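Visitor: Pasting the sequence and the predicted coordinates here, then a few questions.
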Amino acid sequence: MSILQAIIQGIVQGATEFLPVSSSGHLSLAQHFMGVKVDSLLFDVMLHIGTLLAVLIVYRELILRLIVALIRLVRDVFTGKFRWSHMSADRRLLLMLMIGLLPLFLLFVPVPGTGYQVKDFADLWATDSDIVVEGCALVATSILLTLGIFATKRQRGRAGTVSGRRSFGVPDALAVGFAQCVAAVFPGLSRSGSTLSVGLMRGISRQTALDYSFVIGIPAIVAAAALELKDALHEPVTIGIAAIFAGVIAAAVVGFLAIKLLRWMVASDKLVIFVWYTLILGIVTIAIGVFEHRTGQIITFFS
C-alpha cells in the first residue's frame, strides 16, 4: 500500500467513523474500488487509534468528568452509600453508558452450524469481493436517519420548538446499545447514524442523543482495536511505517473535523444531507454489485 492510499483510507476512516455514513462500509468500498486488500490488522488498529484520539480530544472535559464519576461510584458501592434514586447527571450518564454496552456481548454469541460468532460476519462481508451487502446496509442507514428526523419533527410539532428529554433511561440505553451491536455486524450500516437515530426515536433531544452516541462509541472503538491488536501482534507487518503513520494522522485530523461538523449539522437540522447521501450511494453500490455479479468483472480505480 502506498502512502497516498494510506492517507485516503485514513481520511475515509476519520470522516465516516463519526459522520452517519458508516466507516466500515466506506473502507470496504474504498478498498474494493482501489483494488487494495488490506491484510494488515495493525493498519486497521492504528486507524481506530487515530479516530479514538479525535473523539478523546473533542470530549475531553466530559470524559474526565465521567472518570471522576466512576471513581466516586466505585467508592460509594464499596462503602454502601450508593443510591440509584440519588445520582448526579454525570453518574447517571456513566451508568447508562455501562448499560448501553451490554448488548455488545451478543457479538460473541456462536451462530449454530457455522463455526462463527456473530461478530465474525462483519469481517467476512467487509473483506469479500461482493459489495451488495454494503449497498443494502447504506440504504438501511438512510431509512434509520429518516426515522430519526421524523421523530425530531414530531417533537417540534408538539412543543413548537425542538425539544426532547435530556437524560437517558435504561430502555433508551439498551435500545441504543442494541443498535450499535447490529451496526457492528453489517458494513455500511452506520454506527453513529444508528445510535443517533434510535436515540431520537426514543424521544431524546438531538444534542443529548448525539453526545451519547459519540461517547458510547469510545469503548466500542477501544474494544475493536484491542481485539484486532491481539491478532496483529502475531502477524508480520506488511505495510510501511510511513504509510501507517500517514493513515493515523489523516484519520485523527479528519475525525476531529468530522465530529465538529456533525455537531453543527445536528444543531442546525441538516441531517437530511446524509439521508440522501447514503441512499444514493447505497443504490449505486447495489447497482455496481449486481453488474459485477452478472459480468464477473470487478470495477477498480487507482489500482
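Guide: Received the coordinates, thanks. Residues are numbered from 1 along each chain as shown.

Visitor: May I ask which helix or strand of this structure has the lowest mean pLDDT?
Guide: Across the helices and strands of the chain, the lowest-confidence element by mean pLDDT, DSSP states H and E is helix 120-127, at a mean of 78.

Visitor: So what's the gap between it and the chain middle?
Guide: 16 Å (CA atoms, centre = their mean, to the nearest Å).

Visitor: do stretch 268-282 as well
Guide: With CA atoms, centre = their mean, you get 16 Å for stretch 268-282.

Visitor: ok, and what's touching that stretch?
Guide: 19-22, 135-142, 145-146, 148-149, 152, 162, 188, 190, 193, 265 (CB atoms under 8 Å, 6 or more residues apart in numbering). C-betas here are computed from N, CA, C, even on glycine.

Visitor: List buried residues within the residues you listed.
Guide: 19-22, 135-142, 145-146, 148-149, 152, 188, 190, 193, 265 (16 or more other CB atoms under 10 Å).

Visitor: and those residues, which of them are in helices?
Guide: 135-142, 145-146, 148-149, 152, 193, 265 (DSSP state H).

Visitor: which of those has the weakest pLDDT?
Guide: Of all those, Thr152 has the smallest pLDDT value, namely 85.

Visitor: wait, that residue sits on Arg206?
Guide: Yes. Counting by CB atoms under 8 Å, Thr152 touches Arg206, with 6.3 Å between them.

Visitor: can you pull the contacts of Leu93?
Guide: Each residue near Leu93 by CB under 8 Å, 6+ apart is listed here: 66, 69, 167-168, 212, 215.

Visitor: In which helix or strand does it reside?
Guide: With elements taken from DSSP states H and E, the one containing Leu93 is helix 89-101.

Visitor: Show residues contacting stretch 286-296.
Guide: So stretch 286-296 is contacted by 129-132, 134-136, 139, 297-299 (CB under 8 Å, 6+ apart).

Visitor: Would you reformat these as a markdown table and include distance to Ile273?
Guide: Putting the contacts of stretch 286-296 into a markdown table (distance: CB to CB, whole Å) gives the following:
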| residue | distance to Ile273 |
| --- | --- |
| Ser129 | 30 |
| Asp130 | 28 |
| Ile131 | 23 |
| Val132 | 25 |
| Glu134 | 20 |
| Gly135 | 19 |
| Cys136 | 21 |
| Val139 | 16 |
| Gln297 | 32 |
| Ile298 | 30 |
| Ile299 | 26 |
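
Visitor: Got a PyMOL select line for the buried ones in those residues?
Guide: The PyMOL selection below is limited to those of those classed as buried (16+ other CB under 10 Å):
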select buried, resi 131+132+134+135+136+139
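
Visitor: Now the two most distant members of the contacts of stretch 286-296.
Guide: Based on CB to CB, the longest span within the contacts of stretch 286-296 runs between Val139 and Gln297 and measures 23.4 Å.

Visitor: which residues does Pro110 contact?
Guide: 116-117.

Visitor: at 6 Å what do you get?
Guide: By CB atoms under 6 Å, 6 or more residues apart in numbering, Pro110 lies in contact with Gln117.

Visitor: Show me the beta-bridge partners of it.
Guide: Gln117 (DSSP bridges).

Visitor: Give me the pLDDT for Val237.
Guide: So Val237 comes in at 65 (pLDDT).

Visitor: now do Arg156
Guide: Looking at Arg156, the pLDDT reads 61.

Visitor: now swap in Leu147 and tell me
Guide: In this model, Leu147 carries a pLDDT of 95.

Visitor: Ok, Asp39 next?
Guide: So Asp39 comes in at 56 (pLDDT).

Visitor: Quick check: which ranges of this protein have low pLDDT?
Guide: 36-41, 155-163, 231-238, 302-303 (pLDDT under 70).

Visitor: show me the contacts for Leu107.
Guide: 118-119.

Visitor: 10 Å instead, please
Guide: By CB atoms under 10 Å, 6 or more residues apart in numbering, the contact set of Leu107 is 117-122, 180-182, 184-185, 220, 223, 227.

Visitor: In terms of distance to Asp90, which of those residues ranks first?
Guide: The nearest one, if we look at those relative to Asp90 and count by CB to CB, is Ala220, at 20.3 Å.
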